[in-house]
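1. Quick one, structure for this:
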Amino acid sequence: MAMRDRTSLVRRCMLGGVALALTFVTACGGEGDGGDDAAGAACEPAGGKVTLDYWSWVPGMQKAVDVWNSENPDIQVKLKTVPSGNAGTYQNLSNALKAGKAPDLGQVEYDSLASFRLKEGLTDISSCPGVKDAGAAFVDWTWSQVEFGADGKDGVWAVPQDTGPMALFYRKDIYDKLGMKAPATWDEYAEQARRLKKEGKFITHFSQTDPNWFTGLLWQNKATMFERAGDAWKVTVDRPESRQVADYWQKMIDDKLVATDLQGFSPALYKAWNDGEVVTWVSAAWGYSTIRDNAKSTAGAWAVAPMPQWKNGDRQAGNWGGSTTTVMAGSEHPAEAAKFALWLNTDPEALEILNREGGLYPAAKTGLELPALQQPVDFYGKQKVFDVFAQASSQVDTGFTWGPTMTDTYRFLSDGTANTIAGKSTLGDVLKDTDAQSAESLRKQSLDVTQ
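-> Have a look, this model is predicted:
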């Protein structure tokens, strides 16, 4: 096959199989068409000493890399500490890929994998030693996020690193004083919000700058934002399940039951936590350290409970955040890079370091059994809070699908939410507008979009 034709075929395969957790199989590669065992041949170990470049923003990552380097003299990893993905690293990775100077390994969040695959920026590591058998080592939904195509038949494009299963952080001292218990349903949560308003408190804040958080709420209600229809994309941001979430929070905003003048991760929010003015936060496992480190005067007053459910008796959780370790396109040593990625995200010592130093909640099943995650947490009244998150992790919908232009979709959601807070629109309008804008964004990438 001519190089130009082969490149065109690869491009079509990338576009045709970019969805996560799909129910179709792409018809790319195969014997006799020049795409037979290229990946396997490219993933043979080098047989000599190699050095791998790795970009990551996880605090304390160097300590894990040092352990690897001491135990693997023939495969040395050189770490570059970078800003978080949307703070500059994704753009820098894109530029490096275009220039042919990308690192061997990169940290990429789940919601950005499809975008990098669309750019042909990732290496399929499914044929690398150990990868095909690695899926069982990870929480099911995380592995479904790194596979493309039905049952991973279109490849494995990353190794899961950490997750953000969501639960409810709440001020147990205030709840106890008012005779309230952690809400089982969203209806109960709204009732509690009205009770707290009478006490001069907000049940939570609604930030206009955290579209990822709102996406986690949609995820809990199985409101996937994108689907595939044959070779085309179907944008499903505005769907009944999403509307249910949006209408609920719109009423909370209209009734002034949530603080709308506080942004996430801001000094003003932290002060509201410390002062007891905002008393709950629906957040991810990593949020335990956010509250601990920024609301120190409330030590012992918080507790963690499962997310409120839409129907009493349901057991569903959303996810907010989490990253993977990818082998970038152009790496000359994919076998060694994949070996390091698997070790980093499954080895007990590495997992302990990343949890202790970086606050990561591991995607590996063995990571959920880390001693540190089995212990009572003093800040949370000696509650074993990670038991709640371990349960939540098993309740995250495995079929949630990211689109290949999520950066645009998040921007549309954020801009629309700002208008809602300003009283210029509703969250229902935001869903409708984001749906249309996301479809147009896909078309600009020359992707087929269906109704």
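2. need the helices for the stretch 351-451 of the chain, in chain order.
-> 371-374, 385-393, 406-421, 427-444 (DSSP state H, counting those that start in this stretch).
3. Pull the number of nearby residues for residue 192.
-> By other Cβ atoms under 10 Å, 22 other residues sit near residue 192. Every C-beta, even on glycine, is put in place using the N, C-alpha and C of the backbone.
4. just to revisit the earlier point, format the helices of the stretch 351-451 of the chain as a markdown table; extra columns: distance to residue 263.
-> Output for the helices of the stretch 351-451 of the chain, formatted as a markdown table (distance: least, Cβ to Cβ, whole Å):
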| stretch | distance to residue 263 |
| --- | --- |
| helix 371-374 | 30 |
| helix 385-393 | 24 |
| helix 406-421 | 10 |
| helix 427-444 | 17 |
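5. Turn those into CSV, columns for mean neighbour count, distance to residue 322 and mean pLDDT.
-> Shown next, in CSV, are those (neighbours: other Cβ atoms under 10 Å; distance: least, Cβ to Cβ, whole Å; pLDDT from 0 to 100):
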stretch, mean neighbour count, distance to residue 322, mean pLDDT
helix 371-374, 13, 16, 94
helix 385-393, 21, 10, 96
helix 406-421, 20, 14, 96
helix 427-444, 19, 22, 98
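6. Show me how far stretch 163-170 is from its chain's centre.
-> 13 Å (Cα atoms, centre = their mean, to the nearest Å).
7. now do stretch 134-143
-> 14 Å.
8. If we go by neighbour counts, what in it is buried?
-> 134-135, 137-139, 141-143 (16 or more other Cβ atoms under 10 Å).
9. Please apply the same query to stretch 288-302.
-> Neighbour count says stretch 288-302 has 288, 290-292, 294-295, 298, 301-302 buried, by 16+ other Cβ under 10 Å.
10. what sits up against that stretch?
-> For stretch 288-302, contacts defined as Cβ atoms under 8 Å, 6 or more residues apart in numbering pick out 169-174, 265, 270, 273-274, 276, 281, 283, 304, 359, 377-381, 385.
11. Check these for burial and list the buried ones.
-> By the neighbour-count criterion of 16+ other Cβ under 10 Å, the contacts of stretch 288-302 include these buried positions: 169-174, 270, 273, 276, 281, 283, 304, 359, 377, 379-381, 385.
12. pretty sure residue 58 belongs to a helix, no?
-> No - with DSSP: H, G, I helix; E, B strand; the rest coil as the criterion, residue 58 is coil rather than part of a helix.
13. residues contacting the residue nearest to it when sequence neighbours are not counted?
-> Leaving out its chain neighbours, the residue that sits closest to residue 58 by Cβ to Cβ, 6 or more residues apart in numbering is residue 358, at 4.1 Å. Neighbour list for residue 358: 58-61 [criterion: Cβ under 8 Å, 6+ apart].
14. how deep is residue 95 tucked in, by neighbour count?
-> Other residues close to residue 95 by other Cβ under 10 Å number 11.
15. Which residue, neighbours along the chain excluded, lies closest to the spatially most central residue of the chain?
-> The centre of the chain sits closest to residue 321, judged by Cα atoms, centre = their mean, with a distance of 3.3 Å. Excluding the flanking residues, the one nearest residue 321 by Cβ to Cβ, 6+ apart is residue 164, at 3.4 Å.
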